[in-house]
Each structure stands twice: as structure tokens, then as C-alpha cells.
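Visitor: I would like to see how this sequence folds:
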Amino acid sequence: MDLNNLQTVAIDAAIQAGKKLREGFGSAFEISNKEGVHNLVTEYDYIAEQTIISQIKHSFPNHFILSEEAGANDSTSDIRWIIDPLDGTVNFAHSIPIFCVSIGVEMAGEMVVGVIYNPMLEELFVAVRGKGATLNGRQIRVSTTTNLKDAILVTGFPYNVAQNIDGCIDDVVTILKLGLPLRRLGSAALDLAYLAAGRFDGYWESRLNPWDIAAGMLIVREAGGRITHYDNSDYKLSNGTVLATNSLIHDELSKALHPNL
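Guide: Got it, this is the predicted structure:
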């Protein structure tokens, strides 16, 4: 399979879905709750999702598709599309312009294409395995920050944050006690894209789903970053923990957050 073809379809699908989201932003639309507190879904999640799936099926009718709202189809293809049509739904639902479309393509268990599109700023992050990462066609690299004390970090929380899952509340307290600047955007995919672009130096979060991180993990790696689980094992798509950095502060951040792992 030609990776250029996969990349082209992924980019086109992300941009078209992003246009739908931009059109719907700030308008009146239906909102419903999924399991968990503030775990929202809007009609535009479904509109964007159908836009992406239709374009994929038009070009690759036999490929496997895993999407946040639609779930998985029954394909046996070794090429899997992993889609979050609207990452940052809570922001979108409250007219906060921080959200994106995330599309990752996995081939035989390896991520080969990643696309994250921020429609409000028209920022298109793209990575192809072995070819680096770009933002609107220009090469991007992670930051060169070498010490944790100089870092700016970003994180997110699971919907059951009140249960302190994986020590998520404790982790924030740890970083705040170090006096480090900490951000929380509300979109894991954008967190990773911004890390890849050198805007953040480190990121961590727990209980993410494959569609939250599939595209971002490749973009981070192709931009020179490192992404692992909390125990520093190589990151595998799951609903587990994720620690991503510019690679230079990875061990230091890991030790600060989870010294016993």
C-alpha cells in the first residue's frame, strides 16, 4: 500500500470533517451524555465521523475502521483507520475553540500515517512513518528544553477523575509543587500535536482510548519526541497511560511523577 495515498485520503477527510465542525461551532445543536461526568457527544461528532468514514470507504472500501462513535467494522484488512472525529467535544459543546479532528492509519500493527487538524486555526499536523512531521507543510521538531525546571507541561484527566485514577490528581499536585507551568487544553490529540511542534515540552494522561492518541503518537515520534507508558515501556495503543516528551526531559519527568515505577 502506497503511504502517499493513505496520507492524501487522511488529509482530505480531516479537512472536510473540520469544515463541518467549523460550520457547526457556536450554533444550536443536540448534546447528549455518554458514560461518565461531562462525557459529551454532539450531533457534530456524528456528522464529522460520517464525513471521514465516507471518504475512507470511497477510496478503500475493504479497510478496517475504528472510530470513537461508530465503533469498529468487521473488516479483516491489516490496514486500520483509527478516528476521533471531534477530539475536545466538551470544548466544542461549550463554544470553546480548542478541538480537532484526529485520524491515524495503522498497517500490520504499526502506525504509518497521522493527521491532526485544528479547524479553528486551520493548523494541519501530518506525519508519515520515516518522513518526519509537518505543520501546514513545514517541518516541525520537538523542543530543545533539557531540564524539567525549564519545561512547560500539559495534561488531561479521565472522566472519573474524582476517583484519582492512576494518581491523576496526585500528579498535578506534584507538578504544581515544583512550580512548573501546567496547561490543560481538553484535547489529547492537540496536546500531542503541540508537543511535536515544540510548544509543550512534556505531556501525560491516563485512560486514553486508541482514537485519542493514534495520530498524535506518530506525529510526536516523527518530530523527534518520545512516547511511552508511565513505566517507560514502549507505548502501545490501549486505554492505558501515556507519557510523551521532547525525549530530553523524559526520564526526569517520569521520575518526578512516578518515582516508584
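Visitor: per-residue confidence for the spatially most central residue of the chain?
Guide: A centroid search over the chain (Cα atoms, centre = their mean) returns A189, at 2.1 Å, as the residue closest to the centre. Looking at A189, its pLDDT is 98.
Visitor: touching, it and V220? I think so.
Guide: No. The pair A189 and V220 does not pass the contact test of Cβ atoms under 8 Å, sitting 10.8 Å apart. To be clear about C-beta, it is placed using only N, CA and C from the backbone, and glycine gets the same treatment.
Visitor: name the residues contacting each of the two.
Guide: Residues touching both A189 and V220 (Cβ atoms under 8 Å, 6 or more residues apart in numbering): none.
Visitor: tell me where this protein is predicted with low confidence.
Guide: Confidence mapping of the chain against pLDDT under 70 gives the ranges 32-39.
Visitor: contacting residues for the spatially closest residue to G18 that is not a sequence neighbour?
Guide: By the measure of Cβ to Cβ, 6 or more residues apart in numbering, the closest residue to G18 outside its immediate chain neighbours is P119, 3.3 Å from it. Each residue near P119 by Cβ under 8 Å, 6+ apart is listed here: G18, K19, L21, R22, F99, C100, V101.
Visitor: got TSV for these, with distance to V142 and secondary structure too?
Guide: Converted to TSV, the contacts of P119 look like this (distance: Cβ to Cβ, whole Å; DSSP: H, G, I helix; E, B strand; the rest coil):
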residue	distance to V142	secondary structure
G18	24	helix
K19	29	helix
L21	27	helix
R22	28	helix
F99	23	coil
C100	19	strand
V101	22	strand
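Visitor: PyMOL command for the buried members of these?
Guide: Under the burial definition 16 or more other Cβ atoms under 10 Å, those of those that qualify are selected in PyMOL by:
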select buried, resi 18+21+99+100+101
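Visitor: and the strands in the stretch 101-250 of the chain?
Guide: Using DSSP state E, counting those that start in this stretch, the strands found in the stretch 101-250 of the chain span residues 110-118, 123-128, 133-135, 138-139, 153-155, 182-183, 202-206, 226-228, 241-245.
Visitor: what's in contact with the third one?
Guide: Think strand 133-135. Applying Cβ under 8 Å, 6+ apart, the external contacts of strand 133-135 come out as 114, 123-127, 139-140, 193, 196-197, 218-220, 222-223.
Visitor: now, of those, which are buried?
Guide: In the contacts of strand 133-135, burial by neighbour count holds for 114, 123-127, 140, 193, 196-197, 218-220, 222-223, counting by 16+ other Cβ under 10 Å.
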